[in-house]
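Novice: sequence first, then the predicted structure, then my questions.
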Protein chains: 4
Amino acid sequence: MIFLKNDYSTGAHPDVLQALVDNNMVFSDSYSHDDFCAAAETLIRDLIKCPDADIHFMSGGTQTNLVCMSSFMRPYEAVIAADSGHISVHETGAIEATGHKCIELASPDGKILPEQIEKTVAFHNFDQMVLPRVVYISDTTESGSVYTKAEITALRDCCRKHGMYLYLDGARLAMALSAAGNDITFEDLPELVDAFYIGGTKCGALFGEAAVIINDDLKENFRFNMRQRGALFAKGMVIGMQFGALLSNGLYTKLGEHANRLALDLAEGIKAKGYSFAYEPESNMIFPIFTNEQAAELAKEVMFETWLVNDDGTTTIRLVTSWSSTQEDVEAFLALI
Amino acid sequence: MIFLKNDYSTGAHPDVLQALVDNNMVFSDSYSHDDFCAAAETLIRDLIKCPDADIHFMSGGTQTNLVCMSSFMRPYEAVIAADSGHISVHETGAIEATGHKCIELASPDGKILPEQIEKTVAFHNFDQMVLPRVVYISDTTESGSVYTKAEITALRDCCRKHGMYLYLDGARLAMALSAAGNDITFEDLPELVDAFYIGGTKCGALFGEAAVIINDDLKENFRFNMRQRGALFAKGMVIGMQFGALLSNGLYTKLGEHANRLALDLAEGIKAKGYSFAYEPESNMIFPIFTNEQAAELAKEVMFETWLVNDDGTTTIRLVTSWSSTQEDVEAFLALI
Amino acid sequence: MIFLKNDYSTGAHPDVLQALVDNNMVFSDSYSHDDFCAAAETLIRDLIKCPDADIHFMSGGTQTNLVCMSSFMRPYEAVIAADSGHISVHETGAIEATGHKCIELASPDGKILPEQIEKTVAFHNFDQMVLPRVVYISDTTESGSVYTKAEITALRDCCRKHGMYLYLDGARLAMALSAAGNDITFEDLPELVDAFYIGGTKCGALFGEAAVIINDDLKENFRFNMRQRGALFAKGMVIGMQFGALLSNGLYTKLGEHANRLALDLAEGIKAKGYSFAYEPESNMIFPIFTNEQAAELAKEVMFETWLVNDDGTTTIRLVTSWSSTQEDVEAFLALI
Amino acid sequence: MIFLKNDYSTGAHPDVLQALVDNNMVFSDSYSHDDFCAAAETLIRDLIKCPDADIHFMSGGTQTNLVCMSSFMRPYEAVIAADSGHISVHETGAIEATGHKCIELASPDGKILPEQIEKTVAFHNFDQMVLPRVVYISDTTESGSVYTKAEITALRDCCRKHGMYLYLDGARLAMALSAAGNDITFEDLPELVDAFYIGGTKCGALFGEAAVIINDDLKENFRFNMRQRGALFAKGMVIGMQFGALLSNGLYTKLGEHANRLALDLAEGIKAKGYSFAYEPESNMIFPIFTNEQAAELAKEVMFETWLVNDDGTTTIRLVTSWSSTQEDVEAFLALI
């Protein structure tokens, strides 16, 4: 079986696992009050060149999103996201469960535009409507597309103009920052967004995400919110150790590069055989279109996700590579089509 | 420094860690749809002799509690717990954040009694009051006490009489089931409670808890609730691997025994030197009372939690042993007093 | 000033007010446990020929909607509505504030179709997405359109097929049931929907709505939900008296007829002068289109709502008539254009 | 039948009803954007000598409490109240339903003390516990007791010291401000509390409460919160008219005086016949103790609430007078015992 279903199907990158093994018996204080978390926080602050950033380690992406969103908004405020956004469609209403509306914008490629936000803000113009307060973007997006610095800058300017916050879901930040179309660095992020998270689960960690809060307005008592949502991790040191390993020696973006390269090799091979794609391949998730029969045939040999059954007898599938995917996986897949 | 602050201060028991290392590169399906979780579920069903139990792996105790409580109740329903209960006092209002009142019962030893529940049910007698639906107990309790089978049976009977559910927080179930005063086995649990969880974080796992739902009424669509609260773990196999190791060959209760034995050795030594205890030592958490000066002096050499500063110039401290505590820790502590 | 802004701009219809005056000093039990509510409930059950219906009086429409929606769904369940639906757009996220996602369907005329529901249900196909459970419709809709019996029957069949509930927001039920395009009677409603409410606020009452629950599955402990949301009205008898008057001698639908007739007279006059409409006039809310200059000019003499500033230099305005509107209002408006 | 069950058992005081009748056909803008509300707001600001107060009209007490509490707190914050407080015990968990814990303090007489708050604040000392932010008091209390100015001043000072808000539930403010033991005036309130409400429902209105927000920190976007909880009343003018009548010519406190006087006459008569009281009679709610047999006998002729069935064969009952109670009611009751 060729595994191209997602980027969280194996354990941890060997360096990350080794950090866990090496430090397994070190007694540490709980709830991230430990040396490993402190060191990882310093690594992150150095990487983004933002000594005042607040950093919080959590165990998963949906959890990180829901804690951030519910912490950043007053009850009647709402978050704007692409209709394909993770919080819009694939978190079982986690944001709504904390009481907030998620305003969904039509997005053909997973990105949203300042014009859409302007229109949304103008529409919500009195006290019988929710008040948009946060704009949620993900990079890479759920369609595998990658934002440019100019694009996020424009979104940021729009948010600032309206007193809104810009939040970036970095579940696949390793792939975003190492994509061919990317021109954003870690250092740019504090200028671009009010808060974001550095994804671990999909980028080589056993699990874990690092929320980074730049805007002072969003920092107060954040840990209370984490605890209230079950997100204050008892053995925080275990996440700290992992980010220590991931963010040392450029490992994080190297893993992203690896995943991206394999996905683009895969895409090139598929294209070469004459198939088209639902979205232009840019990172480690690609969306080729096969006939329904071909898709069914492939499913016997490959684990992947069916993205959309189209009306014309074709199926869009999602193929995802990760740090643990290999050139052999690529070749084996291409041999099948 | 002697570390007696809690039972989640080191990584994983070596057997658990080894399972993670051994299986690190096995490709698995996500969100607990994998072989490791399936195997761990089978282990648990065999252990409790309940082939129909539903089992769900989550990453922490507060998370498990809040997902269960919010899933088991309709909006206007409430959970009854001891005033020292974890959900009452140490989860930053996590249950209330899901919309439910937590009715707190005075409890000198961390346990609650059927009489208290009867009184509470009788008091809540019309539609301007919440409707008690769940009784929450923990075993061991937050005071280190241990329930007997007769005590839980009486609580269960009271719950059934009133159409209520009994839920057991097993964060320290390893210690409870291996305590001297305990007469409950894994097999008894399905008869005693409607749902419970087998704690991993405090009992030798790197992290993770296994929620076990016995009552059919509580099973439907549980995973939707998990997802909505950010509790559906992407790499579920990683928790499955750990419970596979923990629950094989009796390791789980052995780790509980070890922790209990060291705590009771510690308690005996402290008693022998003339000190008293806030609660009678029964499991791996003990609560000796020292003068404020002694407590301050101890804090220089020992990491522990200050439980209560009493009015008479004394301080109750909490000492906790774990699977990774040693006889040397015990002796070193006793040498200090 | 000609008042065509809404249908809740004056007090109560004289008959309703008289009922309040006549019974003002009658001592009654509280929270709708009184003779006036009992009588009004009987009137409603007779009117809809459904002796088992549960009836609950509340003080406003948003309140009624949020109590019903939060009572009818489990936490991870969602309600489907038109994107112009009151709960979607004009209740400041009231449904989300109770934890539930509102799935919005594009609707050019305020109505939704079974095909849209089918597609939505098919799309929400696993535990990382919300589970659609309720379909919300309003009659008349927010665009003034009116459902036919065949249309609602088709929606009902679709809901039943998928185990979903159909809920009808009857804020303007008086106008709906008396509209020219309507073929639904009070008696039909129990067969068509699982729950609905009979609007008072917009149909001649001083205030108040009567929620009617047909489906037994939705009845249990409903008053607990009301109380929890601040919707159990202390002097319930005051709402009971009003519905007693409103629903006697066909007053309710007479008031709807009156409002509809004036609105259609108005529409005819506007059409005769060559103006077009955003939606075909069907009930007491009509949406003519004027140039921006004309709209600004009208605003000096008429109170109305600006519905949409169009891109072509025109403005859609909303004109609403009520039981207290007069033929003079109509003529005065027509004289202005 | 003698009606002594509560103070909301009849319609409106004649002056209030007349205001509704007189203004019934005045066209007004909706949602409290009307002249009647504006006039009532001015009356209130003049009465309390606080020109900057924000005033919001809502339809009931539980609604007002839940909108205020959820608006004044961030998610992890909690409100402190007496264990007999309305929000603690008789609102079906309305506060918790908005996500907030209600910390209950033991109170023998319905009042709470600064020492209790100090202790509660000290106990909640880290991020695994809720953060107390609001202190809720009611005046008169649920036991009929009345706060003195010195008592509330002490509570206010304690709140200020800890950055907490003091909120006063004035469901029975008319009775409180006109009680013999009271030394607080309307003018004092802005200095004493951060927000309060002037109760209408229990003090002569058909329905309605006026929330008064003094502290600027609590004012922003309050109407959004109201709307989100279904508390933005469509025909706001109807509540405005009522408060206009109630607060003119001292009617409000006159109604309170009337109710208090009858209750104290009643209490004196009951005492004279040798019965004791659960709480010392101070306002319009009194709590005499009869034998269970007497209580059962009384229930045949009098509508009242059974407050507590005591262990010694006696029953504490609650007798409540209102603006519509009469001297005849008092004499008739006394003739029965």
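Specialist: Alright, I've got the coordinates. Just so it is clear, the model here is predicted, and its values are computed rather than measured.
Novice: surely A:Ser70 and A:Met226 touch.
Specialist: No. Applying CB atoms under 8 Å, one finds A:Ser70 not in contact with A:Met226, separated by 10.3 Å. Every residue, glycine included, has its C-beta placed from N, CA and C.
Novice: of the two, give the one with the bigger neighbour count.
Specialist: When A:Ser70 is set against A:Met226 and neighbours are counted by other CB atoms under 10 Å in any protein chain shown, the residue ahead is A:Met226, at 27 against 24.
Novice: check the more buried one and give its pLDDT.
Specialist: Predicted confidence (pLDDT) for A:Met226: 98.
Novice: OK, contacts around A:Val89?
Specialist: A:83, C:129 (CB atoms under 8 Å, 6 or more residues apart in numbering or on different chains).
Novice: what's the closest non-adjacent residue to A:Asn225?
Specialist: Sequence neighbours aside, A:Ser71 is the residue nearest to A:Asn225 in space, at 4.1 Å (criterion: CB to CB, 6 or more residues apart in numbering or on different chains).
Novice: now do the contacts for the one you found.
Specialist: So A:Ser71 contacts A:218, A:222, A:225, D:75 (CB under 8 Å, 6+ apart).
Novice: so which strand or helix has it?
Specialist: In this assignment (DSSP states H and E), A:Ser71 forms part of helix A:61-72.
Novice: report the angle between that helix and helix B:61-72.
Specialist: Helix A:61-72 runs at 80 degrees relative to helix B:61-72, counting by axes from the mean of the first three to the mean of the last three CA atoms, to 10 degrees.
Novice: A:Gly110 and chain B: what is the separation?
Specialist: 20 Å (CB to the nearest CB, to the nearest Å).
Novice: kindly report the same for A:Asp329.
Specialist: Where chain B is concerned, A:Asp329 sits at a distance of 10 Å (CB to the nearest CB).
Novice: which SS state does that residue fall under?
Specialist: Reducing the assignment at A:Asp329 to three states with DSSP: H, G, I helix; E, B strand; the rest coil gives helix.
Novice: count of residues packed around it?
Specialist: 21.
Novice: kindly report the same for A:Gly163.
Specialist: If we define neighbours as other CB under 10 Å, then A:Gly163 has 10 of them.
Novice: likewise for A:Tyr252?
Specialist: So A:Tyr252, with other CB under 10 Å, has 28 neighbours.
Novice: these two touch, right, it and A:Ala245?
Specialist: No. Using CB under 8 Å, A:Tyr252 is not in contact with A:Ala245; the gap is 9.4 Å.
Novice: how far out from the middle of the chain is stretch A:194-206?
Specialist: The chain centre lies 7 Å from the centre of stretch A:194-206; the measure is CA atoms, centre = their mean, to the nearest Å.
Novice: now do stretch A:201-208
Specialist: Mean-position distance between stretch A:201-208 and its chain equals 11 Å (CA atoms, centre = their mean).
Novice: show me what from the stretch 201-337 of chain A comes close to chain B.
Specialist: Contact residues, the stretch 201-337 of chain A versus chain B (CB under 8 Å from any CB of the partner chain): A:201-202, A:206-207, A:224, A:227-235, A:238, A:303, A:324.
Novice: in helices, which of those fall?
Specialist: Mapping those onto helices (DSSP state H) picks out A:224, A:227-228, A:238.
Novice: take the residues you listed and write them to JSON lines, including distance to B:Asp83 and neighbour count.
Specialist: Listed next are those as JSON lines, based on distance: CB to CB, whole Å; neighbours: other CB atoms under 10 Å in any protein chain shown:
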{"residue": "A:Phe224", "distance to B:Asp83": "20", "neighbour count": "23"}
{"residue": "A:Arg227", "distance to B:Asp83": "19", "neighbour count": "25"}
{"residue": "A:Gln228", "distance to B:Asp83": "19", "neighbour count": "30"}
{"residue": "A:Val238", "distance to B:Asp83": "31", "neighbour count": "30"}
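Novice: ok, of those residues, which one's closest to D:Gln18?
Specialist: A:Gln228 (50.2 Å; CB to CB).
Novice: can you tell me the closest non-neighbouring residue to that closest one?
Specialist: Distances taken as CB to CB, 6+ apart put B:Thr92 closest to A:Gln228, at 4.3 Å, once the chain neighbours are dropped.
Novice: could you pull up the residues touching the one you found?
Specialist: For B:Thr92, the contact set (CB under 8 Å, 6+ apart) comprises A:224, A:227-228, D:76, D:127-130.
Novice: same thing but 6 Å
Specialist: A:224, A:227-228, D:76, D:128, D:130 (CB atoms under 6 Å, 6 or more residues apart in numbering or on different chains).
Novice: of the residues you listed, which pair is most distant in space?
Specialist: Farthest pair in the contacts of B:Thr92 (CB to CB) is D:Tyr76 and D:Gln128. Separation: 10.4 Å.
Novice: thinking again about what came up before, for chain C, see how far away the residue nearest to A:Asn225 is.
Specialist: 16 Å.
Novice: around chain C, pick out the residues from the stretch 201-337 of chain A.
Specialist: Residues of the stretch 201-337 of chain A lying close to chain C (CB under 6 Å from any CB of the partner chain): none.
Novice: which stretches in the stretch 201-337 of chain A count as strands?
Specialist: Applying DSSP state E, counting those that start in this stretch to the stretch 201-337 of chain A gives strands spanning A:209-213, A:285-286, A:289-291, A:302-303, A:305-309, A:314-320.
Novice: next one, pLDDT for the residue nearest to A:Glu91 when sequence neighbours are not counted please.
Specialist: Distances taken as CB to CB, 6+ apart put A:Thr62 closest to A:Glu91, at 4.7 Å, once the chain neighbours are dropped. With respect to pLDDT, A:Thr62 scores 98.
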